[in-house]
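Colleague: coords below, sequence missing:
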Ligand code: ADP
Ligand code: ZN
């Protein structure tokens, strides 16, 4: 091997030095340094950061700089193992204790901890409170000390959260047993009520509170009308977008169907939904995380607690049921901070499907409709529609939902990049509403549009609606445009639609104002996707080629060690390597994400690969 490790020994005292030494990063993300400093001063803390914000570092770094053992409570075993793996890969003493280990393994790990080789111990909450484990912690306290208790996914302590776990409630007793040990609670929950609850339930004492913005600047948000043949569009999107992606569908059946079609079209895809058994789900998930397959087609059952930082796109093939869910699901893209796409395919047909599902919400015993639940679900659906139809910055709408004011002009959503000016559609609205009136307010949207567009369908002839003055006066617009107008009228309160299962259109006082020319109607038509852009393969830049080559090397190394590729290096590091093309170990060590341990472990192989690539060029 030609390469040499740099001989200078760096001192690791300050948080900045430790950041580069252990994690290979040059600078802190917003908030991280302040949180680390508060933790070093043994303050309690509450950290609220969106997914991908970099929460783990907030307790991992102090753990390395403080004497004693840091205990990390984490509810998900798979996640725990990933994190420990990633830490070990950075040369950090970390281990976990959970139900997957046998008695011998547990004792061995206990010894390692007591001998001071371990800085971070991950445990599941249910283990923590067993008598045996508490006795072990007493031993730890006596021999090496407990530095901090970090509680990940802290929203699990709150009944107001979306993932309440009773075991979390008992964590408070830890505080009582070890009153001097600072507690750091971390979560990505967005609601104020849950945040308050966490502080109370865990008994945090004058905590340092950091609430980050929920904005995820690296995500590109877009809503597109779902085309007539949505699958073809989906396939095209997947083929055009490199990297891993998740496709969310509303039903298991749809998941299976889309997966099969994608596989038949040569896309490496696997399904994930609650109808598959645990083993299959686990296997599919692992294959996705390890980059054995590129695409996961899933119901919303997929995603909670999966830690794949390099998901490059999330496509909602069907309408999500609520906006918080949409935020969390789409937020599984780009956790590594690199650009990623979130696309929602929006169709009015999907609204129907969800409305139907809402109507099905009945008490299983009495078959009475669960009215309160239905009402909440309808309101949530309304918010999703507002988001999809909205013409403001997508971030303003989403973040507003979480009570955060965002000024707009984000330059990374469809509405900001190609604004849609509202158009005056008053005349069309009058045509539409008078057609509803002439059909005696007895028909639904599709029928009215058919009449407007001059259909000679049997039903229309039978009702003699081909004789109406409004028959055929709407031929100048597509059925799709009329539908958008119709929805928009309902949405703006200028027209009513019955909700008893028949969806009949009814005029209301505001409809009459429009008909009497007392009110203007504006609507924003969606941007039609521009004609398919073809990606020319020959134009793939040099950096792109090297990136692909390094990705392969990364996958090979990851497979040798049976770990996910991102544990070896993040996409962002590979991207820097392919742009800067460092050909010496020294230059390689400058890459963000290359800490001392990874430099020694992987540096030579990557540098060789880059050298070979440059020679070949
Ligand atoms: P969270 O737990 O908040 O979802 P993670 O702790 O998993 O986020 O961090 C997300 C990603 O960001 C990880 O790949 C992590 O290594 C990376 N990261 C964290 N802090 C930094 C930093 N200061 N500089 C560069 N990357 C960082
Ligand atoms: Zn925007």
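Modeller: Looks like it arrived, so ask away. Because the structure is predicted, anything quoted here is derived from the model rather than measured. Ligands and ions are numbered 1, 2, ... in the order given.
Colleague: quick check: mean pLDDT across stretch 317-331?
Modeller: If you average the pLDDT over stretch 317-331, you get 89.
Colleague: Report the residue spans of the stretch 51-200 of the chain with pLDDT below the cut-off.
Modeller: Residue ranges of the stretch 51-200 of the chain with pLDDT under 70: 161-162, 190.
Colleague: Which parts of it are strands?
Modeller: For the stretch 51-200 of the chain, the strands defined by DSSP state E, counting those that start in this stretch cover 69-73, 94-97, 120-123, 146-151, 183-187.
Colleague: what would these look like in JSON lines with distance to ligand 1 and mean neighbour count?
Modeller: C-beta coordinates here come from the backbone N, C-alpha and C atoms, glycine included. Formatted as JSON lines, the strands of the stretch 51-200 of the chain follow (distance: least, Cβ to the nearest ligand atom, whole Å; neighbours: other Cβ atoms under 10 Å):
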{"stretch": "strand 69-73", "distance to ligand 1": "11", "mean neighbour count": "25"}
{"stretch": "strand 94-97", "distance to ligand 1": "14", "mean neighbour count": "21"}
{"stretch": "strand 120-123", "distance to ligand 1": "13", "mean neighbour count": "23"}
{"stretch": "strand 146-151", "distance to ligand 1": "11", "mean neighbour count": "24"}
{"stretch": "strand 183-187", "distance to ligand 1": "7", "mean neighbour count": "26"}
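Colleague: so can I have a markdown table of those showing distance to residue 614?
Modeller: Output for the strands of the stretch 51-200 of the chain, formatted as a markdown table (distance: least, Cβ to Cβ, whole Å):
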| stretch | distance to residue 614 |
| --- | --- |
| strand 69-73 | 42 |
| strand 94-97 | 36 |
| strand 120-123 | 39 |
| strand 146-151 | 43 |
| strand 183-187 | 42 |
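Colleague: Out of those, which is closest to ligand 2?
Modeller: Using Cβ to the ion as the measure, strand 183-187 is the one of these that comes nearest ligand 2, at 25.9 Å.
Colleague: Return the residues in contact with residue 71.
Modeller: 121, 123, 128, 137, 146, 148, 149, 150 (Cβ atoms under 8 Å, 6 or more residues apart in numbering).
Colleague: In a helix, residue 410, correct?
Modeller: No - per DSSP: H, G, I helix; E, B strand; the rest coil, residue 410 lies outside any helix segment and is coil.
Colleague: Hmm, it is touching residue 398, no?
Modeller: No - taking contacts as Cβ atoms under 8 Å, residue 410 lies outside contact range of residue 398: 10.4 Å.
Colleague: quick one: which of these two has more around it?
Modeller: Legend: neighbour count by other Cβ atoms under 10 Å for residue 410 and residue 398, higher for residue 398 (26 against 20).
Colleague: burial of residue 268, as a residue count?
Modeller: By other Cβ under 10 Å, the residues close to residue 268 number 14.
Colleague: how near is it to residue 292?
Modeller: 8 Å (Cβ to Cβ, to the nearest Å).
Colleague: cool, and residue 315?
Modeller: Per Cβ to Cβ, residue 315 is found 20 Å from residue 292.
Colleague: In terms of neighbours, single out the busier of these two.
Modeller: residue 315 (25 against 14).
Colleague: Then residue 405 would be within a strand, right?
Modeller: No - using three-state DSSP, the assignment for residue 405 is coil, not a strand.
Colleague: what's near enough to touch it?
Modeller: Shown in contact with residue 405 (Cβ under 8 Å, 6+ apart): residue 399.
Colleague: what residues does stretch 233-243 touch?
Modeller: Contacts of stretch 233-243 (Cβ under 8 Å, 6+ apart): 224, 226-227, 245, 247, 258, 261-262, 265, 267, 294-295, 310-313, 315, 317, 341, 343, 345, 532-533, 535, 571.
Colleague: tell me, how many neighbours does the nearest residue to residue 391 once chain neighbours are set aside end up with?
Modeller: Leaving aside its chain neighbours, residue 391 sits nearest to residue 524 (4.3 Å; criterion: Cβ to Cβ, 6 or more residues apart in numbering). For residue 524, the count of nearby residues is 18 (other Cβ under 10 Å).
Colleague: Ok, residue 13 next?
Modeller: Neighbours of residue 13 (other Cβ under 10 Å): 9.
Colleague: any residue of stretch 208-224 up close to ligand 1?
Modeller: No - if you take Cβ under 6 Å from any ligand atom as the test, stretch 208-224 misses ligand 1, and the best it gets is 9.0 Å.
Colleague: And ligand 2, is that stretch touching that?
Modeller: No - if you take Cβ under 5 Å from the ion as the test, stretch 208-224 misses ligand 2, and the best it gets is 7.1 Å.
Colleague: Do me a favour and get the end-to-end distance for that stretch?
Modeller: From its first residue to its last, stretch 208-224 covers 42 Å (Cα to Cα, to the nearest Å).
Colleague: what about it, average pLDDT?
Modeller: 94.
Colleague: How about the contacts made by the closest residue to ligand 2 within the stretch 251-400 of the chain?
Modeller: Relative to ligand 2, the nearest point of the stretch 251-400 of the chain is residue 393 (3.1 Å; Cβ to the ion). By Cβ under 8 Å, 6+ apart, the contact list for residue 393 reads 406, 408, 409, 410, 413, 415, 416.
Colleague: The closest residue to it other than its chain neighbours: neighbour count?
Modeller: Nearest in space to residue 393, with sequence neighbours left out and distances taken as Cβ to Cβ, 6+ apart, is residue 408 at 3.9 Å. Neighbour count for residue 408, taken as other Cβ under 10 Å: 15.
Colleague: Would you confirm that residue 408 contacts residue 392?
Modeller: Yes - with contact defined as Cβ under 8 Å, residue 408 and residue 392 form a contacting pair (6.2 Å).
Colleague: In the stretch 401-550 of the chain, which residue sits nearest ligand 1?
Modeller: residue 402 (16.2 Å; Cβ to the nearest ligand atom).
Colleague: how about that residue, phi and psi?
Modeller: Torsion angles at residue 402 (phi, psi; degrees, to the nearest 10) stand at phi -90, psi 10.
Colleague: do the same with residue 393
Modeller: Here residue 393 shows phi and psi, under degrees, to the nearest 10, equal to phi -50, psi 130.
Colleague: Thanks a lot, see you next time.
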